[in-house]
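Chemist: build me a structure from this.
(one chain, ligands or ions: 1)
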Amino acid sequence: MPTILITGANRGIGLELAKQYAGDGWSVIATARDPKTADGLKALKGDIRIEALEVTDEQQIKALAKKLDGVAIDVLLNNAGMLTGYESFGETDTLSWLKTLHVNSIAPLKLMEALVEHVARSKQKKIVSISSGMGSMGGHASSGAYAYRSSKAALNMVTVTAANELRPRGISVAVISPGWVRTDMGGAGATLDVKQSAAGIRKVIDKLNVGISGQFFNYSGENLPW
Ligand SMILES: NC(=O)c1ccc[n+]([C@@H]2O[C@H](COP(=O)([O-])OP(=O)(O)OC[C@H]3O[C@@H](n4cnc5c(N)ncnc54)[C@H](OP(=O)(O)O)[C@@H]3O)[C@@H](O)[C@H]2O)c1
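Modeler: Numbers count the residues shown, from 1 in each chain. The predicted structure is shown next:
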């Protein structure tokens, strides 16, 4: 069965994805900042390997890549992400914005760079990052959340650039918006539950191939405007 590595898999959408993939017999490498407290992950049944990963810690990323030496990763799924708030014009905070860019835009690329050979030796050769409709410029008619919106827009550009570089190696790279999901981040008023969102994300990943690499998909399958 294929192998997937999911970051930020201890709660929210990441945990549900780990559950669904493991339930379908995949080998799941689930990362969490603090595996000791990842009770939801530990309770899952199936072939699950839990690894510690703070995604902004490049030494930890490199150590994980080394530890996984020889392992073929069919799908690298950058799911970990942060949202500090919906700050309005005049309310932005530089340090928390930089932190958001680190977690949401730079860390996914660092993971791609560290694990590209693991992906390259797999059968499916897919790299997917969870973006957001809030990072879409074409679909944007709202306000606030400068840090989060710009970090996801940057992730989208990272994805297209990496897709262009990795296409010759047969590696597909894409971004998927999970929809508005009831998690700690999405809040109780969101329209989707994690099951619906994760099931949609899995369908999109399943259909991904180099012919449609470098695109921005909604969890429901259609393309989103950049
Ligand atoms: N929920 C939505 O409506 C929605 C909409 C659009 C996009 N998204 C995106 O979907 C992804 C998952 O979101 P979610 O709703 O499941 O959020 P969540 O419930 O807040 O979970 C976020 C996950 O990311 C992890 N994480 C955050 N910062 C990290 C870091 N520096 N290093 C390692 N892990 C880190 C968290 O770990 P800890 O438990 O250690 O904090 C947690 O596992 C994110 O990329 C988010 O931006 C969500």
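Chemist: wait, E51 sits on I29?
Modeler: Yes - assessed by CB atoms under 8 Å, E51 is found in contact with I29 at 6.1 Å. From N, CA and C alone the C-beta is placed, and that goes for glycine too.
Chemist: more neighbours, those two?
Modeler: Comparing E51 with I29 by neighbour count (other CB atoms under 10 Å), the higher total belongs to I29, at 27 against 17.
Chemist: any idea how far the closest residue to the more buried one other than its chain neighbours lies from the ligand?
Modeler: Ranked by CB to CB, 6 or more residues apart in numbering and with sequence neighbours excluded, the top spatial neighbour of I29 is L5, at 4.2 Å. With distances defined as CB to the nearest ligand atom, to the nearest Å, the gap from L5 to the ligand amounts to 13 Å.
Chemist: list the contacts for L5?
Modeler: Taking CB atoms under 8 Å, 6 or more residues apart in numbering as the criterion, L5 is in contact with 28-31, 68, 73, 75-77, 115, 118.
Chemist: ok, now S27?
Modeler: Neighbour list for S27: 1-4, 47, 49 [criterion: CB under 8 Å, 6+ apart].
Chemist: also V128?
Modeler: For V128, the set of contacting residues under the criterion of CB under 8 Å, 6+ apart consists of 75-78, 173-176, 201, 204-205, 208.
Chemist: let's see that with 10 Å instead.
Modeler: Counting by CB atoms under 10 Å, 6 or more residues apart in numbering, V128 makes contact with 4, 6, 75-79, 108, 159, 172-176, 201, 204-205, 208, 217.
Chemist: let's see which of the residues you listed end up in strands.
Modeler: Using DSSP state E, the members of those that fall in strands are 4, 6, 75-78, 172-176, 217.
Chemist: what does the chain have sitting close to the ligand?
Modeler: For the chain, the residues found near the ligand under the criterion CB under 6 Å from any ligand atom are 8, 10-14, 33, 53-56, 79-82, 103, 130, 132, 177-178, 180-181, 183-186, 190.
Chemist: of those residues, select the buried ones using a ChimeraX command.
Modeler: A single ChimeraX command suffices to select whichever of those are buried according to 16 or more other CB atoms under 10 Å:
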select :8,10,11,12,13,14,33,53,54,55,56,79,80,81,82,103,130,132,177,178,180,181,183,185,186,190
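Chemist: can you tell me which of the residues of the chain next to the ligand are in helices?
Modeler: Assigned to helices by DSSP state H, the following of the residues of the chain next to the ligand qualify: 12-14.
Chemist: show me which of these is closest to G90.
Modeler: Of all these, the one sitting nearest G90 is G12; the distance, using CB to CB, is 30.1 Å.
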